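Colleague: Dropping a prediction and its sequence here:
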Amino acid sequence: MNKVYRNSGSLVGWYLLLLPLLVVLAVVEFYPLLSGINLSLTDANGSFSTANYAQMLSDPAFYTAIEVSLGYSIGSTIVCLIIGLTLTFLVTLKVRGRTVFEALFIFPLAVSPILAGVLWSPSSIWDDFFGFTHYILHLPFIDELSPVFFFPVMIVSEAWLWSPLIMLVALSVINSQAKQISEAAELHGASDWKRFVMISLPTVLRSPVMQFIIVLRLIDSLRAFEIPLAWSNWVGFQSFIGSPVDTLSLFLYKLIFVPLYHFPIGLVSAVGVALLAVTLFVALGLIRLLDRIGVR
């Protein structure tokens, strides 16, 4: 009986430790969420209405924002994984100065997303690069304002920011695996690349930590705002809704801050709820996909 009371007291102690966290979550997360849902279901007179959702679903710009967000998030997650795993392979090579390269590869973690949008901008890189290719190599100019050009650049710049994290997680997984298998493969003449692809890479992709990082990367990119905002200014879509750079977050921003749209708070709330729903749906879909293909 005393043991039961001690266990009950221990559980109460743990719940009391969690209480401050629950209070913070209620203030920071749950209250704004419930308030946003309430605003999305309220008309200008304060009455219950689904007009905001009807307006959202009838706006072609909303579907464009969903398409841009999905393409941007899925593309940047795939590219990020490719870059991160490539950096992992380069760091695992037994070459001189490896620690210097590792430090350089980690540099993007210190760069803010808005700065990445500036660093990869036409005035920062591409104007000089295309000037060189045109006047020195006599190649034709590339239209920097075309979505065919700037959307892939946006994806790569977003992936560049997160690739060091993929590299660090992959290195930690590789360092924790048994060395005997890799050493045996090396004794039998397997190259560094073959040992990485056949031994290290499957271990990394099956790691629960790496799977968590991939899902987290996808969720973060679905709410991407800073890099699309920077490119929205570069390509001249500052006040135009439904442009090829409008992610759902940027769509929300323009609805709020562009005077032309008169701050439709009900519509903004409805789009915010839709962003949450899309994020949950895509994240759960990725988790099920990882389960189905046997990565998890």
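Modeller: Thanks, I have it.

Colleague: What about I181, how many residues nearby?
Modeller: 14 (other C-beta atoms under 10 Å). Placement of C-beta: from N, CA and C, glycine included.

Colleague: quick one: average pLDDT of stretch 155-168?
Modeller: Stretch 155-168 comes out with an average pLDDT of 91.

Colleague: Helix or strand with the lowest mean pLDDT in this protein?
Modeller: Least confident helix or strand of the chain, by mean pLDDT, DSSP states H and E, is helix 2-25 with a mean of 63.

Colleague: Next secondary structure after that helix?
Modeller: helix 31-40 (DSSP states H and E).

Colleague: quick one, helices of the stretch 51-200 of the chain?
Modeller: 51-57, 60-92, 98-106, 113-119, 127-135, 147-176, 179-187, 192-195 (DSSP state H, counting those that start in this stretch).

Colleague: Could you dump those into JSON lines with distance to F257 added?
Modeller: Output for these, formatted as JSON lines (distance: least, C-beta to C-beta, whole Å):
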{"stretch": "helix 51-57", "distance to F257": "18"}
{"stretch": "helix 60-92", "distance to F257": "15"}
{"stretch": "helix 98-106", "distance to F257": "34"}
{"stretch": "helix 113-119", "distance to F257": "15"}
{"stretch": "helix 127-135", "distance to F257": "28"}
{"stretch": "helix 147-176", "distance to F257": "21"}
{"stretch": "helix 179-187", "distance to F257": "54"}
{"stretch": "helix 192-195", "distance to F257": "49"}
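
Colleague: out of these, nearest to L201?
Modeller: Between L201 and those, the tightest spacing by C-beta to C-beta is seen for helix 60-92, at 6.9 Å.

Colleague: thinking again about what came up before, which stretch among the helices of the stretch 51-200 of the chain comes nearest F240?
Modeller: helix 60-92 (9.1 Å).

Colleague: tell me which residues in that closest one are buried?
Modeller: Buried positions in helix 60-92, judged by neighbour count with 16 or more other C-beta atoms under 10 Å: 61-62, 64-66, 68-70, 72-77, 79-81, 83-85, 87-89, 91-92.

Colleague: This structure - how does it break down into domains?
Modeller: Domain assignment of the chain by automatic domain parsing yields the ranges 1-40, 53-292.

Colleague: deepest of those, which one?
Modeller: Ranked by mean neighbour count under mean count of other C-beta atoms under 10 Å, those are led by domain 53-292, which reaches a mean of 17.

Colleague: And that one, how far out from the chain middle?
Modeller: Its chain's C-alpha centre and that of domain 53-292 lie 6 Å apart, by C-alpha atoms, centre = their mean, to the nearest Å.

Colleague: Which strand or helix spans the residue lying closest to Q177 once chain neighbours are set aside?
Modeller: Once flanking residues are discounted, Q177 sits nearest to T203: 5.3 Å by C-beta to C-beta, 6 or more residues apart in numbering. Taking DSSP H and E as the criterion, T203 maps to helix 201-206.

Colleague: Using CSV, list the CA coordinates for the next helix or strand after that helix.
Modeller: Per DSSP H and E, the first helix or strand lying C-terminal to helix 201-206 is helix 208-222. What follows is helix 208-222 as a C-alpha-only set of coordinates in CSV (Å, rounded to 0.1, in the frame of the first residue of the first chain):
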residue,chain,number,x,y,z
PRO,A,208,14.5,7.3,-36.3
VAL,A,209,16.4,10.5,-35.7
MET,A,210,17.0,11.1,-39.4
GLN,A,211,13.4,10.3,-40.1
PHE,A,212,12.3,12.8,-37.5
ILE,A,213,14.6,15.5,-39.1
ILE,A,214,13.2,14.8,-42.6
VAL,A,215,9.6,15.2,-41.3
LEU,A,216,10.6,18.3,-39.4
ARG,A,217,12.3,19.7,-42.5
LEU,A,218,9.1,19.2,-44.5
ILE,A,219,7.0,20.9,-41.9
ASP,A,220,9.3,23.8,-41.6
SER,A,221,9.4,24.4,-45.4
LEU,A,222,5.6,24.3,-45.6
